[in-house]
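Q: fold the stuff below for me.
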Amino acid sequence: FPGVTQAGWQRMMDLSGRLEGLHAAPGLHPMYLARHRPEHLEELKVLAGQGGVVAIGEIGLDYYVENLDRNVQQQLFEAQLQIALAARLPVLLHIRKAHDQVLATLRRKRFTYGGIVHAYNGSLQQAEQFMQMGFCISVCGTLTYDRARKIRKIAAELPREALVLETDAPDIPPAGHKGESNLPEFLPEVLDALAALRGEPRELVASYTTENARRVLKLRTEG
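A: Okay, here's the model as predicted:
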């Protein structure tokens, strides 16, 4: 599970070390620029080299929130990509209204370790470019809303090897829980929505989305 500020990293590491099935991904999220300090990047370098860390994230660019300094976001994003490159780790990407900018940055940094584009909201063409760079496309509770036509169409058309599921808890609850705090236990509702959109058995969708997550994050297969 991802980290968004330095303040939560230690608890994240503690939980992932104690609970089976939890894997740590520390990062400095672009929405919390005011909380980040230069020394946090140094701490992230140390964490990235430790066992138990499977990715760096969430990191990325957020152009939806107008008062977030884009230059500072870019510097922070590139610094964390460099840390991931040095540690040979994938990244978890947070992107809003900046997919082309993120793609350009990944190419410029020659980032080759892939990762997951979380709560995807870009275009099909952009998704295909991320896939070519080794990324999976993650879908969440948004998929359960009939009005979310763009992502529902994309999720129906992407190849199986591109898709993973996420909760994004406590945000983006499924349609049946609108107004509530999202919980991991609601994930089967996202699975059901994806299976229905693709016309595939839910057991098949559960199997290949799980395998995709294991592959892109380099997790050992259980059993």
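Q: least trustworthy helix or strand in the protein by mean pLDDT?
A: Ranking every helix and strand in the chain by mean pLDDT, DSSP states H and E puts helix 9-18 at the bottom, with a mean of 95.
Q: so after that helix, what's the next helix or strand?
A: Later in the chain than helix 9-18, the nearest helix or strand by DSSP states H and E is helix 38-48.
Q: can you list contacts of that next one?
A: Helix 38-48 has contacts (C-beta atoms under 8 Å, 6 or more residues apart in numbering) with 5-6, 9, 13, 24, 26-28, 53, 56, 79-80, 83-84, 86-87, 89. The way it works is simple: take the backbone N, C-alpha and C, and place the C-beta from them, glycine included.
Q: what pLDDT, on average, does the longest helix belonging to the chain get?
A: Taking DSSP state H as the criterion, the chain has its longest helix at helix 70-87. Helix 70-87 shows an average pLDDT of 99 in the prediction.
Q: how about stretch 130-146?
A: Mean predicted confidence for stretch 130-146 is 98.
Q: what comes up buried for it?
A: 130-131, 135-144 (16 or more other C-beta atoms under 10 Å).
Q: ok, stretch 22-35 next?
A: Those buried within stretch 22-35 under the rule 16+ other C-beta under 10 Å are 23-31, 33.
Q: switch those over to a markdown table; also include pLDDT and distance to Arg149.
A: Below are those laid out as a markdown table (pLDDT from 0 to 100; distance: C-beta to C-beta, whole Å):
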| residue | pLDDT | distance to Arg149 |
| --- | --- | --- |
| His23 | 95 | 33 |
| Ala24 | 97 | 35 |
| Ala25 | 98 | 30 |
| Pro26 | 98 | 35 |
| Gly27 | 98 | 30 |
| Leu28 | 99 | 33 |
| His29 | 98 | 28 |
| Pro30 | 98 | 27 |
| Met31 | 97 | 26 |
| Leu33 | 97 | 32 |
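Q: reformat those as TSV; add distance to Ala156.
A: Listed next are the buried residues of stretch 22-35 as TSV, based on distance: C-beta to C-beta, whole Å:
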residue	distance to Ala156
His23	29
Ala24	32
Ala25	28
Pro26	33
Gly27	30
Leu28	34
His29	29
Pro30	29
Met31	29
Leu33	36
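Q: nearest to Glu211 among the residues you listed?
A: His23 (15.3 Å; C-beta to C-beta).
Q: now for the closest one: which residues touch it?
A: 1, 16, 52, 54-55, 217, 219.
Q: can we see that at 10 Å?
A: By C-beta atoms under 10 Å, 6 or more residues apart in numbering, His23 lies in contact with 1-2, 12, 16, 52-55, 213, 217-219.
Q: what residue is smack in the middle of this protein?
A: His118 (3.2 Å; C-alpha atoms, centre = their mean).
Q: now do the SS call for the residue nearest to that one when sequence neighbours are not counted.
A: Setting aside the residues directly before and after it, His118 is nearest to Ser138 in space (C-beta to C-beta, 6 or more residues apart in numbering), at 5.0 Å. Of the three states, Ser138 takes strand according to DSSP: H, G, I helix; E, B strand; the rest coil.
Q: for Ser138, list each beta-bridge partner.
A: Val164 (DSSP bridges).
Q: what distance do you get for it to Ala156?
A: Ser138 sits 15 Å away from Ala156, going by C-beta to C-beta, to the nearest Å.
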